[in-house]
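Undergrad: Mind folding the following:
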Amino acid sequence: TFANFATGRVYDQIRQSIAYSGKNVKICASHSGVTLGEDGATHQILEDIGLMKMLPGMTVINTCDFNQTKAATLAIAEHDGPVYLRFGRPKVANFTAEDQKFEIGKAVQLYEGEDVTIIATGHLVWEAIQAAQKLSEKGISADVINIHTIKPLDAKAIIKSVKKTGCVVTAEEHNFLGGLGESVARTLAENNPAPQEFVATQDTFGESGTPEQLFEKYGLNAEAIIKATEKVLKRK
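TA: Numbering: from 1, shown residues only. Model prediction:
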């Protein structure tokens, strides 16, 4: 069902009846984020990653396209323990390998760069790829990492990249409070402090509109990632 109903409406039941007792239950939620579109704020959840990652023992996965979602579904079926799998509604670019092996908790390196680390999840992975290509034209090379598993987070991949580049931009279709960016910030604070910019919704609800309009309004597209990159580079 919709991510809003699969998490927000039944959070107490997930906490008490699944997470607390470590049940082998998989929650697969569609229509996450503002790309749900015209149904508006009542149906668009932007806090579900935060809700689910705070539950002890809950694995949290946010896939970027059809192929990765299919691979993740097969992987979590074999995984023992509670899992929250989050994906979106609209048709998006299907750019990952059809025969990919999905490893829970293992980040995917998409581009190698020296100047900035761009860490993205879900629909923002495609936007990050487009941003990296445009940044390359400006002479800025980016490490682009697809974090499909928010929890457990691939801290090793994040730390390795940021030690090389010295700064990071995180991008997600979620509130900056409680999402991927916050997890990355904690990881870096504990291991390798570095300047960070957040491409995410800024403590707000969504509204009705097309996915493209809402990505533009809330700064969730490639252009927003480019601006965040240019800003964080000045802070190195």
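Undergrad: Show me what the mean pLDDT comes to for the strand or helix carrying residue 156.
TA: Using DSSP states H and E, residue 156 sits in helix 155-165. Regarding helix 155-165, the rounded mean pLDDT is 98.
Undergrad: so how far is it from its chain's centroid?
TA: In terms of Cα atoms, centre = their mean, to the nearest Å, the centre of helix 155-165 is found 17 Å from the chain centre.
Undergrad: Domain boundaries for the protein, per the record?
TA: Using the TED database, the domain parsing of the chain gives 3-86, 108-234.
Undergrad: start to end distance for the longest one?
TA: By Cα to Cα, to the nearest Å, the extent of domain 108-234 from end to end equals 27 Å.
Undergrad: Please report the distance of residue 16 from residue 23.
TA: Relative to residue 23, residue 16 is positioned 10 Å away (criterion: Cβ to Cβ, to the nearest Å). Using the backbone N, CA and C atoms, a C-beta is placed for each residue, glycine as well.
Undergrad: Those two: who's more crowded?
TA: For residue 16 versus residue 23, neighbours defined as other Cβ atoms under 10 Å are more numerous around residue 23 (13 against 10).
Undergrad: List the contacts of the spatially most central residue of the chain.
TA: For the chain, the residue sitting closest to the mean C-alpha position, by Cα atoms, centre = their mean, is residue 121 at 2.7 Å. Each residue near residue 121 by Cβ atoms under 8 Å, 6 or more residues apart in numbering is listed here: 62, 64, 146, 147, 148, 150, 171, 172, 180.
Undergrad: What residues sit buried inside stretch 170-186?
TA: For stretch 170-186, a neighbour-count test (16 or more other Cβ atoms under 10 Å) marks 170-176, 178-185 as buried.
Undergrad: cool, stretch 216-236 as well?
TA: Buried residues in stretch 216-236, counted by 16+ other Cβ under 10 Å: 218, 219, 220, 221, 222, 224, 225, 226, 228, 229, 232, 233.
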